[in-house]
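# Below: sequence and its predicted model.
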There are 4 protein chains.
Amino acid sequence: MSKPINVGIIGYGFMGRAHSNAYSKLTQFFDTEHVPVMKAACARNRDTITEFAGRWGWESVETDWRALIERPDIDAIDICVPNHLHRDIAVAAARAGKMVLCEKPLAMDASEGREMCEAVERAGVPNLVWFNYRRVPAIALAHQLVDEGRLGRVFHYRGLYLQDWTISEDLPQGGHTLWRLDVAEAGSGVTGDLLAHSIDTAMWLIGGVDSVTAVTETFIKERELQDEPGKVMPVGIDDACAFLVKFKNGAIGTFESTRYARGRKNFNTFEVNGAKAAMYFNLEEAHKLLYYDHADDGIIRGWHDVLVTDSDHPYMSHWWVPGCVIGYEHTFINALADFLTGLDTGVPSQPDFRCALETQLVCDAVLASARTGQWVRVGEA
Amino acid sequence: MSKPINVGIIGYGFMGRAHSNAYSKLTQFFDTEHVPVMKAACARNRDTITEFAGRWGWESVETDWRALIERPDIDAIDICVPNHLHRDIAVAAARAGKMVLCEKPLAMDASEGREMCEAVERAGVPNLVWFNYRRVPAIALAHQLVDEGRLGRVFHYRGLYLQDWTISEDLPQGGHTLWRLDVAEAGSGVTGDLLAHSIDTAMWLIGGVDSVTAVTETFIKERELQDEPGKVMPVGIDDACAFLVKFKNGAIGTFESTRYARGRKNFNTFEVNGAKAAMYFNLEEAHKLLYYDHADDGIIRGWHDVLVTDSDHPYMSHWWVPGCVIGYEHTFINALADFLTGLDTGVPSQPDFRCALETQLVCDAVLASARTGQWVRVGEA
Amino acid sequence: MSKPINVGIIGYGFMGRAHSNAYSKLTQFFDTEHVPVMKAACARNRDTITEFAGRWGWESVETDWRALIERPDIDAIDICVPNHLHRDIAVAAARAGKMVLCEKPLAMDASEGREMCEAVERAGVPNLVWFNYRRVPAIALAHQLVDEGRLGRVFHYRGLYLQDWTISEDLPQGGHTLWRLDVAEAGSGVTGDLLAHSIDTAMWLIGGVDSVTAVTETFIKERELQDEPGKVMPVGIDDACAFLVKFKNGAIGTFESTRYARGRKNFNTFEVNGAKAAMYFNLEEAHKLLYYDHADDGIIRGWHDVLVTDSDHPYMSHWWVPGCVIGYEHTFINALADFLTGLDTGVPSQPDFRCALETQLVCDAVLASARTGQWVRVGEA
Amino acid sequence: MSKPINVGIIGYGFMGRAHSNAYSKLTQFFDTEHVPVMKAACARNRDTITEFAGRWGWESVETDWRALIERPDIDAIDICVPNHLHRDIAVAAARAGKMVLCEKPLAMDASEGREMCEAVERAGVPNLVWFNYRRVPAIALAHQLVDEGRLGRVFHYRGLYLQDWTISEDLPQGGHTLWRLDVAEAGSGVTGDLLAHSIDTAMWLIGGVDSVTAVTETFIKERELQDEPGKVMPVGIDDACAFLVKFKNGAIGTFESTRYARGRKNFNTFEVNGAKAAMYFNLEEAHKLLYYDHADDGIIRGWHDVLVTDSDHPYMSHWWVPGCVIGYEHTFINALADFLTGLDTGVPSQPDFRCALETQLVCDAVLASARTGQWVRVGEA
């Protein structure tokens, strides 16, 4: 018998669409015991959210997230709103005994993140942060290869997340589609938006970060407001951020993110070099993992270009046939399947809030280092 | 006001799933006037089709396709069964006044295909063959570039469709999942299954074929039957097929397909070389089009590696954001959107049956040439 | 003690330079017993050949190749002139008891080639045809992998040699730099110039050709003469040629060459698909061999991108250090080293004239098939 | 009339061979007025240097570099010995009025480098540091594109130089072939050996460095001595080094080098992202430059894969024909041609000692930062 989870979603933007798609596709591709029911969608503007709910199949709408949380027919709250709202909603939802699924980054900073962890842990509610890239089959495969001990001692990690969509000086900041450029809503720029992904992946693959030294830059110093044309304001976010890492295991890492890398659209890449093997991934070629195995016979040793679409690759037995790729949105469906499987088995899927707090702590250390120019030790979660 | 089209689907295999997915996602990503309603699914086994209908949201089931066709509440019949059944179903559906959407290849041969064309044309019903790869954004972009006159005189076309899943001698033939290896159900091997795609793409891009010379090969001469373990039968299909083409426009083409190309999973590629520009596509990197423009400044002239995910690329404004790829199944959703848009506007989307008959005629000529060793002229549709 | 071989070279064009470079570099990188001495260079124009000899270190010059051949101080004749002169020079040189090193293709046709074989064999002189691409380390590695039995039964071979330098209608034909476009000097177009390379490589890797069917095309029907501006003449060569092959071992092959493939400069590629492994090579990335091994563990199976620069790769221990590539000209130095090693050991290096005649026979069959439209069986060498 | 430059070379290792090759090939491919004469080769062991001189065509040998410098028939001294000897030889050679060509890095540190600059400048002798990678045609093309103003404001620079040849714990240090692992002879590890290249390229392309913060690591703490088997000593070099850069022009940079990057052989790469265009280079694919031009028409915008072998590309008109690549050693020949052209024209080719000192100053700052954990400002040359 299937166990329905009544979901209430808050937000209808890019992530609202991606999550709605996940809820609507789940049961066609996965056979979990717990299954989502698309109960209610919430946003301030009733017309907008009604149109959204109709398109995606949400059964009802709310215009006040507090009202949504109080509904007894809601089991889980999914937070798809700008970062500055995560904390209040998550804490309230937890207090109301709801499961909480929250978009990344967890919070505006580690202090907020800690509150959120405490709230869900005190309430004992299942919780998840949507670091969807862990669910790219090629990245999940990378994790499996590490787990199998194939890399040996890790010497190096290299993470990049490069985009180029904010180079124009004419791009405004703030507002519904550009809140990521407004520090008041986003908390930070590329650090929270993009590097949080890179850090989450890195720590999942090779473990915790000891300390960092960082530089940030804001290339365009002021921009017009999207909602108030003609009004120009200073830009508070970091347009770019680079940092060096000492991992706890002795490896050295370099990380960089920017929205000013002309030519790079969604260039989320990593390379890990171990004594025995190495791996390289690039989100712009998401269906591939490059793998180098020193144990290969010398004359035919070289990077394996692995097309991660076989049925023995992570997640892929749920999809089409070998050689048929899946896309961006499937990472959310896979993530949801893992969350529900966690409910089925009692072994919570990761990253939960506590796990995501570790990433938040690295982000905080990075931003602190960028301010002071000093190496900063990462705090304990 | 939306205009519902009540669809009845026949078949629940790989294509049955892909089409069902398309019907269920359409309205979330496209705003057509005509919209599909998932009215009925049909297959001989009631339990199987009931489970399938439940999973995908088909409102009812049938176990006899003739009964389905007779239902007055059905507007369109979607044919997802093996090739040897296409003709009878399509002709009957057309006679019953239903729209017909048929999986490729159109038919077992051109003679059947002609009957089907005549049936839908006499009935005046909208009709479509699901050559879904035309709806890969990168291939649609290639077509757009040709339409814009960017290639100049075309000298060469090179089409490959390579796979490697039938190399094992232990693989049986026939049965539910392996009917493509049984000549009685499939009509041919790689020619109808894979080269039909390559030919459809080629003719869409650069026009009709004048004549061909071909070779086919069956590497494994006999295989066990999937449904009757222990019973070994001769293999009647072509495991591999290669042919040379003289196009009507004077270009020369080479085509090859096989399921014995170790290392190639879904290696559906083409290259077109024109006097002014050239293009290369590979389905294993479906989100890319390589484009070479002789007009580029000499010192920076080289193949452009175009990531086809921008909002001004075909179909992509309906999906996520630049840099986020879509997957295999989206080609069916895009194809369905085009079909519905054809109904909205009165300009039928292509390929319809008559257009697909041209591909069938090339396939027939290829198989005839392989038998005789002679160049064979392609018949008129 | 080193054994000097006094070389006389005929011709000073592109190949004259490449061979001269090989003679001058040999002893710096290889330690053969037999070593070349750059004795004399020959061409009709005394000033030109004197300048050439001075630049490259040839000790003397001749203006008549017959005089060169008669010189008692010359041990070996190297033929770097257009194809229509190969036969006469080679036969005369053999009769004079000289070793003969001849540029490819061996001859204008197999009939000439046979005469040449008979001449060198009757004279018992060492002989070589400069199919230099066998000496690309990556291609030599491919051959080694075949020899080691890594491929298993071979199903498919795919050879391309694509260029784009003759697309302009304004390019003249004939003359010193464009004799390859003049059928009277070249014998054929891409078939003898480029496909001869592809065929030599293919037969070296997987064995002999049973039969072929081919198409050729001349896209630009007439061109001005380079040496007589204003005088326009029909173009007699094949601008493009494609053919299908049945190999003696049961494999199927496709080959294509053209100088009208916009975007391709020196795109000499091959792919071999065996039951156990596959290989892909592209001369534009000459330092790489792609290798796919079905025996690899499934989850990390993929094309190995082998950087062929390690000291255990063919030829590379003679050059720099791992990671440092060699270039186009090194293939000639490697070939020369093999020839000299053949003299040292008494085991002649290949391809000698007899071996090259097999390639010539395939070329002849290809051209015959293109004329008749029939499958043509390849003659015996 | 050609103007001979009598060269005396010191050292016969990897660089001794590469330079000797350059001297011997120069006049075959370049027509400079000044031409090198291979006058004398010098090393402590007479037998070794005599064999070397014989192989490469050096007219005479010396066993004491001071004797070589004093020879009146020597015009130029070429320094191919370990780094700790650069200063003394260069200063003595300059004082003796010889031109000085010195392998990179310039010196053990900037203090030595300054002495060397002063010596050559006081003596007024032509001088050069062999940063040969500036002479890779693709890198020279990158420089040309910057000069033409194609990049616009530069936001980001990313330099990597990754190798994997010292991962084994069994590799000894010191001695003739492994002096690069001995801090006493090399001065530093990857910083001076590999990052010096990366920094030289970066500053040539986008200008000077303001400040850096760095981390270094020595993964294997002790190794046996090559020359004293059984004797184990601490490893003093940096196995790996990563640093962040603030460029004077406001761009941000990241650099990393290591010899522990499993899978990377000679992975010297850079990427520059400007407002208008971007470029990417990888020494393992040295004949290519990737170039992204925002001015390209949107639908066909993508990274151009430029095969840098055309006659209008830097240096390539001196070599073979389009599509034919050159190799590692050609960078030295090109560099030598530039140096000689500098003598011909009176405009010294770069980098001279003063220019190379700037790279040394960055290396010093990097190593200082790695020691202190602080951002360090780069000194003035």
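Arrived safely, thanks for sending.
# With just CA atoms, put stretch A:115-130 into CSV.
Output of stretch A:115-130 as CSV, limited to C-alpha atoms (Å, rounded to 0.1, in the frame of the first residue of the first chain):
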residue,chain,number,x,y,z
GLU,A,115,18.5,27.5,14.1
MET,A,116,16.9,25.5,11.3
CYS,A,117,18.8,22.4,12.3
GLU,A,118,17.8,22.7,15.8
ALA,A,119,14.2,23.2,14.8
VAL,A,120,13.9,20.2,12.7
GLU,A,121,15.8,18.0,15.0
ARG,A,122,13.8,19.1,18.0
ALA,A,123,10.6,18.5,16.1
GLY,A,124,12.0,15.2,14.8
VAL,A,125,10.7,15.8,11.3
PRO,A,126,12.4,14.5,8.2
ASN,A,127,14.3,17.2,6.4
LEU,A,128,16.2,17.7,3.2
VAL,A,129,18.1,20.3,1.3
TRP,A,130,17.8,20.1,-2.4
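# any chance you could map the strands in the stretch 1-150 of chain A?
For the stretch 1-150 of chain A, strands defined by DSSP state E, counting those that start in this stretch occupy the ranges A:3-10, A:34-42, A:60-62, A:76-79, A:99-102, A:127-129.
# need the helix or strand of chain A with the lowest average pLDDT.
Lowest on mean pLDDT, DSSP states H and E among the helices and strands of chain A sits helix A:175-178, with a mean of 87.
# now that one: how far from the chain's centre is it?
Taking C-alpha atoms, centre = their mean, to the nearest Å, the mean C-alpha location of helix A:175-178 is offset from the chain mean by 19 Å.
# Tell me the helix or strand right after it.
helix A:183-186 (DSSP states H and E).
# what's the offset of the following helix or strand past that following helix from the middle of its chain?
Next helix or strand after helix A:183-186 toward the C-terminus (DSSP H and E): helix A:190. With C-alpha atoms, centre = their mean as the basis, helix A:190 stands 13 Å off its chain's centre.
# Give the rounded mean pLDDT of helix A:190.
Taken as a whole, helix A:190 has a mean pLDDT of 97.
# when you scan it, is anything in it near chain D?
No: judged by C-beta under 8 Å from any C-beta of the partner chain, helix A:190 makes no contact with chain D; its nearest approach is 11.8 Å. In short, each C-beta sits where N, CA and C put it, glycine included.
# Show me what that helix is in contact with.
The contact list for helix A:190, computed with C-beta atoms under 8 Å, 6 or more residues apart in numbering or on different chains, reads A:161, A:237-241, A:257-259.
# ok so, going back, mind putting the strands of the stretch 1-150 of chain A into a markdown table with distance to chain C?
A markdown table is the format used below for the strands of the stretch 1-150 of chain A (distance: least, C-beta to the nearest C-beta, whole Å):
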| stretch | distance to chain C |
| --- | --- |
| strand A:3-10 | 32 |
| strand A:34-42 | 28 |
| strand A:60-62 | 44 |
| strand A:76-79 | 32 |
| strand A:99-102 | 30 |
| strand A:127-129 | 26 |
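# Nearest to chain B, out of those?
For chain B, the closest of the strands of the stretch 1-150 of chain A is strand A:34-42, at 11.6 Å, according to C-beta to the nearest C-beta.
# Strand partners (parallel or antiparallel) of the closest one?
With DSSP bridges as the test, strand A:34-42 is paired with strand A:3-10 (parallel), strand A:60-62 (parallel).
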